[in-house]
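Colleague: Please find the sequence and the predicted model below.
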Amino acid sequence: MDTRSPLRRLGTAAIALLLVAGACSSGDDSSADDGGDTTTTEAVAETTTSADETTTTEDESDDTASIDRSTALFMAPPESGAELTVEETGPVAATTVVTIGSVDESDAGITVETSEVVTSGSESVTVERSYTTARDGSLSISAAGFFASGTGFEVTATGDDIRIPSVAELSAGEASTGTTFVELNASGIDARNDVSYTVAGAGTESVTTPLGTFDAQIVTIDLTISSSIAGDQTGTVRYAFLPGFGVLQTDVAIAGFAFSSTVTSSSVSP
């Protein structure tokens, strides 16, 4: 495998880490394993434990189990079978087709499973992800799922889930922080990345996409990454969320590179 071939876009957050690691995809088509299942399962269990600790009666648990989806944050629409197309621009262009799999609601929140087929030129890769929206409307992403993986790469992540506070918390100026250790493994590549991040709100903004014009909630994730290959790097991921629907646009700036993605079509109306 030519580990110095051009980078291919695998999802905005994923490419940021791959850039920092100096990693790049091979010419082989394969399905990626982002290691997200284990991390996500742990995240759900932790959230459930926290909910149990703060629940005093069965009635109170029942009252809070229902989530107001219209104001909650999701990465993708919480509707099984929905399909999105995302166009991505930057040093390498790509098209991602996102299909929503299961959507499960429990006391922990709403967990949305997605399958993303990313195509750039003649290459394609499938990445499976899982996201959990808590009962307060906040969003948790496993570290492995956030950084994903590329063709021929395996991602191992151990550390804090990335928690995006609820709209109410963001509006009040609250932020969340965390750290994780992420390792990329492939033929000829074994990169350790120590990552710290801060998630904060940046108010609301009118965002125009092929789906229409919307008042979006802007969320930024500031990353500090110490890579065993590329040294210390910083960067920012900027999301434009439409509460109740998902992310409309994403912009990434890291290590001197910039990438953008926009939802261009959706089988469900925002």
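Modeller: Thanks, I have the structure now. Residues are numbered from 1 along each chain as shown.

Colleague: CA only for contacts and neighbour counts going forward, please
Modeller: OK.

Colleague: This protein: helices as residue ranges?
Modeller: In the chain, the helices defined using DSSP state H lie at 12-21, 36-54, 58-65, 143-147, 167-171.

Colleague: any idea which of these scores lowest on pLDDT?
Modeller: Sorting those by mean pLDDT places helix 36-54 lowest, at a mean of 32.

Colleague: how about stretch 258-270: buried residues?
Modeller: For stretch 258-270, a neighbour-count test (16 or more other Cα atoms under 10 Å) marks A258, F259, S260, S261, T262, V263, T264, S265, S266 as buried.

Colleague: among the residues you listed, which are in strands?
Modeller: A258, F259, S260, S261, T262, V263, T264, S265, S266 (DSSP state E).

Colleague: Can you tell me the closest non-neighbouring residue to the fourth one?
Modeller: Meaning S261. Of all residues not flanking S261 in the chain, E88 sits nearest, at 4.1 Å (Cα to Cα, 6 or more residues apart in numbering).

Colleague: show me the contacts for T177.
Modeller: In this structure, T177 makes contact with I162, R163, S196, Y197, T198, V199, judged by Cα atoms under 8 Å, 6 or more residues apart in numbering.

Colleague: what's the distance between it and F257?
Modeller: Using Cα to Cα, to the nearest Å, T177 is found at 24 Å from F257.

Colleague: same check, this time on S122
Modeller: 23 Å.

Colleague: Could you do T133 as well?
Modeller: Distance from T133 to F257, by Cα to Cα: 30 Å.

Colleague: of S122 and F257, who's got more company?
Modeller: In this view S122 and F257 are compared by other Cα atoms under 10 Å, and F257 has more residues nearby, 14 against 8.

Colleague: Model confidence for that one, exactly?
Modeller: On the pLDDT scale, F257 gets 83.

Colleague: residues in contact with it?
Modeller: P91.

Colleague: Can you redo the buried residues of stretch 258-270 as JSON lines, where the extra columns are distance to P210?
Modeller: Compiled in JSON lines, the buried residues of stretch 258-270 are given as follows (distance: Cα to Cα, whole Å):
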{"residue": "A258", "distance to P210": "21"}
{"residue": "F259", "distance to P210": "18"}
{"residue": "S260", "distance to P210": "15"}
{"residue": "S261", "distance to P210": "12"}
{"residue": "T262", "distance to P210": "9"}
{"residue": "V263", "distance to P210": "8"}
{"residue": "T264", "distance to P210": "5"}
{"residue": "S265", "distance to P210": "7"}
{"residue": "S266", "distance to P210": "10"}
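
Colleague: quick check, nearest of those residues to L84?
Modeller: Nearest to L84 out of the buried residues of stretch 258-270 is S266 (Cα to Cα; 4.5 Å).

Colleague: Chain neighbours aside, what residue packs nearest to the closest one?
Modeller: In this structure, S266 finds its nearest non-sequential neighbour in L84, 4.5 Å apart by Cα to Cα, 6+ apart.

Colleague: in this protein, which spans are strands?
Modeller: 30-32, 83-89, 94-106, 109-120, 123-133, 139-141, 154-159, 162-164, 176-186, 189-209, 212-227, 231-242, 246-254, 257-266.
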